[in-house]
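>>> how would this look folded up:
(2 chains)
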Amino acid sequence: MVYWGRRALWKQEGSTNVAQDIRVRFAPSPTGNLHIGGARTALFNFLFARHNNGSLILRIDDTDLTRSTEESRRGILSALRWLGLDWDEGPAAGGLYGPYSQSQRLDIYKETARMLVERGIAYRCYCTPEELAERRKQAAAEGRAPRYDGRCRELSLQEQIEKENQGLRPAIRLRIPDRGETIVQDFFRGDVVFANDVLDDFIIMKSNGIPAYNFACVVDDAKMRISHILRAEEHLSNTPRQILIYQSLGYSLPVFAHVPMILAPDRSKLSKRHGATSVEEFREMGYLPEALLNYLALLGWSPEGEQEVLSLAELVSQFTLEKVGKTAAIYDVKKLTWMNGHYLNAKDIDQVVEQAAPYFQKKNMIPQRLNREETVYFKQVVSAVRTRVKTLAEVADASEYFYTDSFSYDEKGVRKHFRKEKAAEYLKKAREKLALLEKFDLETTEAAYRELSEELGVKAGEIIHPTRLALSGRTMGPGLFEIMVILGKEKTLKRMERAVQYIENLS
RNA sequence: GGCCCGUUAGUCAAGCGGUCUAAGACACCGGCCUUUCACGCCGGUAACAGGGGUUCGAAUCCCCUACGGGUCACCA
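Just a heads-up that it's a prediction; the model follows:
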């Protein structure tokens, strides 16, 4: 069976009932970190594979020796793992079609290219990069298309030997028909027609023995039995060349599906100057993998119903290519942030505590290891604070006063709550009442405040606001009595005294 | 510049010729709840790029224009 077109479906091939497994791949080149566009492509591949009980292959396209780095490779793998996008074959997972790094498959490309040359489908080209660049420049100046002029197409053996004797190492070019057209059957866009004469004899093997991208990509996709190629739209223009390679090699074509790109807020291609664009950066800022995944899924794909908050499992069960759109999307951090806040609160508190810890450590708020008592306190803090913030980093920021006594008071707050006539008096009285409490919990503290507000004949808020500022230095945060209980009686009273002194010293 | 793809509100996005005086979400603006903030709930502003066709009927099909993006490397 072959998953066949946009509307239809599962086509029976002959009478055999043997299912052709769905095999998709994500093939990043380790030349930087995984940005959200790549992550989204990986996600779609993952969802498609899981939804159809297929396999996800991870391949490292590291043929660019000068730009590929081990650090980047590790970073990409760790970002994928953090997101929870596990792969069935590839680095660390193994598989029947390895190795899964192109740098380890050079012999395969070399042998394949040699065979193409032998058959006359490809040929050696001795033009140097400098010469080619010069000719391109010339063509541009004359307003011609910068195509390779085919001058090495028909070199005789004698000529080739001469070039070799001059020390020239050839690149290998694929012979492209001058006429006709190559049609890309794109799953989302239908037939996309390219005239062959706009293509030129492109290089499949560089003179240093390294394959060019299109070549390595096709050889691997074919040898790894990839059934569907889901990749970014930027590759659509490459596809006719790849199809020509498939044909030269006698391989059958996979289904091509080019997903729309993700653009930066200014509509341009994603780059470093657009602020956070990599998964790693979002992670550092305290975004949760489930939120990032959920948000990314909604960029270019839409669920059947109206529910937009979906777990990975729900995404898997709902994901179909039919619901993938074809227009480029601009990512919107605000919506991501909203979604992150949602997950931050919905998530199991123990997990949040665990994930928030590094952010507290980074700010030296908590030590690497917490004892039992510290752990209980930490958990109380996190669960009180998380409801008002949207990221893990903000959880830590909003928790500062739980870990230091020497915080300063918010200026606006001081003006609003401390400079009031009776602020100090209220605080003193409140402190006295709290001091008398035997049990210091949510009920008793709140009752004390209600009582006091009645005795004084003022609204509870009149006392509550200055108290919040006294205890936290801030005007916003968790419920006041929650803060008190977490801080404990002793600290609460001390901070109130400190505030009273502060107010009395205000001129 | 050539070739290719795309164009529904500020953003994501539903819509596959009539049910569209166009859904939902984020953002924004009001209101409710409330000790603050946030959450939550209720309500509001806001879109079919423009022009020609085809059709009884078009956001949906075709063409042109404009705009945006991609690609044209011994980068991937």
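
>>> from now on I want contacts and neighbour counts done on CA atoms only, so please keep to that.
OK.

>>> strands of the stretch 351-500 of chain A, residue ranges please.
Per DSSP state E, counting those that start in this stretch, the stretch 351-500 of chain A carries no strands over any range.

>>> what does the stretch 151-300 of chain A give?
Going by DSSP E, counting those that start in this stretch, the stretch 151-300 of chain A shows strands at A:171-174, A:181-186, A:190-195, A:203-205, A:228-232, A:255-259, A:262-263.

>>> report the rounded mean pLDDT for the third one.
Okay, so that is strand A:190-195. Averaged over strand A:190-195, pLDDT sits at 94.

>>> mean neighbour count and distance to A:L437 for the strands of the stretch 151-300 of chain A - can I get that in a markdown table?
Converted to a markdown table, the strands of the stretch 151-300 of chain A look like this (neighbours: other CA atoms under 10 Å; distance: least, CA to CA, whole Å):
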| stretch | mean neighbour count | distance to A:L437 |
| --- | --- | --- |
| strand A:171-174 | 25 | 86 |
| strand A:181-186 | 19 | 73 |
| strand A:190-195 | 14 | 75 |
| strand A:203-205 | 24 | 82 |
| strand A:228-232 | 22 | 64 |
| strand A:255-259 | 23 | 64 |
| strand A:262-263 | 22 | 58 |
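
>>> closest to A:L298 out of those strands?
Within the strands of the stretch 151-300 of chain A, the stretch nearest A:L298 is strand A:262-263; the backing value is 11.5 Å (CA to CA).

>>> before we move on, the earlier item: quick one: which of the strands of the stretch 151-300 of chain A is nearest A:G457?
That would be strand A:262-263 among those, by CA to CA, at 58.3 Å.

>>> what comes into contact with that closest one?
A:36-37, A:269-270, A:299, A:328-331 (CA atoms under 8 Å, 6 or more residues apart in numbering).

>>> got it, and stretch A:160-170?
A:124-127, A:206-208.

>>> is that stretch up against RNA strand B anywhere?
Yes: against RNA strand B, stretch A:160-170 shows contacts by CA under 7 Å from any atom of the strand at A:P170.

>>> in chain A, where is pLDDT below threshold?
For chain A, the stretches with pLDDT under 70 are A:1-20, A:507.

>>> tell me the residue in it that is farthest from the middle.
Distance from the C-alpha centroid of chain A, by CA atoms, centre = their mean, peaks at A:E455 (56.8 Å).

>>> quick one: it from A:V500, how far?
For A:E455, the distance to A:V500 (CA to CA, to the nearest Å) stands at 20 Å.

>>> neighbours of A:K439, how many?
11 (other CA atoms under 10 Å).

>>> A:A216 now?
Using other CA under 10 Å, the number of residues around A:A216 comes to 25.

>>> give me the spatial nearest neighbour of it, chain neighbours excluded.
A:Y109 (6.5 Å; CA to CA, 6 or more residues apart in numbering).

>>> list just the nearest of the contacts of stretch A:160-170 to A:A291.
Distances from A:A291 to the contacts of stretch A:160-170, taken by CA to CA, are shortest for A:K206, at 42.4 Å.

>>> skipping its backbone neighbours, what lies nearest the closest one in space?
Nearest residue to A:K206, sequence neighbours excluded (CA to CA, 6+ apart): A:A171, at 4.6 Å.

>>> same check, this time on A:W301
Spatial nearest neighbour of A:W301, chain neighbours left out: A:V324 (4.3 Å); criterion: CA to CA, 6+ apart.

>>> repeat for A:R50
A:V316 (6.2 Å).

>>> list the helices and strands the strand or helix carrying that neighbour packs on?
For A:V316, the element it lies in under DSSP states H and E is helix A:312-318. Applying 3 or more CA pairs under 8 Å, 6 or more residues apart in numbering; DSSP states H and E, one finds that helix A:312-318 makes contact with helix A:36-51, helix A:289-297.

>>> nearest to A:R179, out of the ones you listed?
helix A:36-51 (34.1 Å).

>>> following the chain onward from that closest one, which element is next?
That would be, after helix A:36-51 and using DSSP H and E, strand A:55-58.

>>> and RNA strand B, is that following strand touching that?
No: Strand A:55-58 does not reach RNA strand B (CA under 7 Å from any atom of the strand); its nearest approach is 12.7 Å.

>>> that strand - contacts with which helices or strands?
If contacts are counted by 3+ CA pairs under 8 Å, 6+ apart, strand A:55-58 sits against strand A:23-26, helix A:36-51.

>>> redo the ones you listed as JSON lines? Include distance to RNA strand B.
Output for these, formatted as JSON lines (distance: least, CA to the nearest atom of the strand, whole Å):
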{"stretch": "strand A:23-26", "distance to RNA strand B": "11"}
{"stretch": "helix A:36-51", "distance to RNA strand B": "11"}
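
>>> most tightly surrounded among those?
Neighbour counts (mean count of other CA atoms under 10 Å) averaged over each of the helices and strands packed on strand A:55-58 peak at strand A:23-26, with a mean of 26.

>>> which other residues reach that one?
When contacts are defined by CA under 8 Å, 6+ apart, strand A:23-26 is touched by residues A:41-42, A:45, A:49, A:54-59, A:225-231.

>>> please repeat the previous calculation with a cut-off of 10 Å.
Taking contacts as CA atoms under 10 Å, 6 or more residues apart in numbering, the residues outside strand A:23-26 that touch it are A:38-39, A:41-46, A:48-49, A:52-61, A:87-90, A:221, A:224-231, A:254.

>>> starting at the chain centroid, how far to stretch A:258-271?
From the chain centre to the centre of stretch A:258-271 is a distance of 13 Å (CA atoms, centre = their mean, to the nearest Å).

>>> same check, this time on stretch A:356-376
Using CA atoms, centre = their mean, the offset of stretch A:356-376 from its chain centre is 27 Å.

>>> how long is that stretch end to end?
14 Å.

>>> what does it contact?
A:284-286, A:350, A:353, A:377-382, A:386, A:391-397, A:399-404, A:486.

>>> now that stretch: buried residues?
Neighbour-count burial for stretch A:356-376, counted by 16 or more other CA atoms under 10 Å, picks out A:356-360, A:365-366.

>>> flag every residue of the stretch 251-400 of chain A that's near RNA strand B.
Counting by CA under 7 Å from any atom of the strand, the residues of the stretch 251-400 of chain A near RNA strand B are A:261, A:267-269, A:298-302, A:306-308, A:322-332, A:334-336, A:338, A:342, A:387-389.

>>> filter those down to the buried ones.
A:261, A:298-302, A:324-325, A:329-331, A:336, A:338, A:342, A:387-389.
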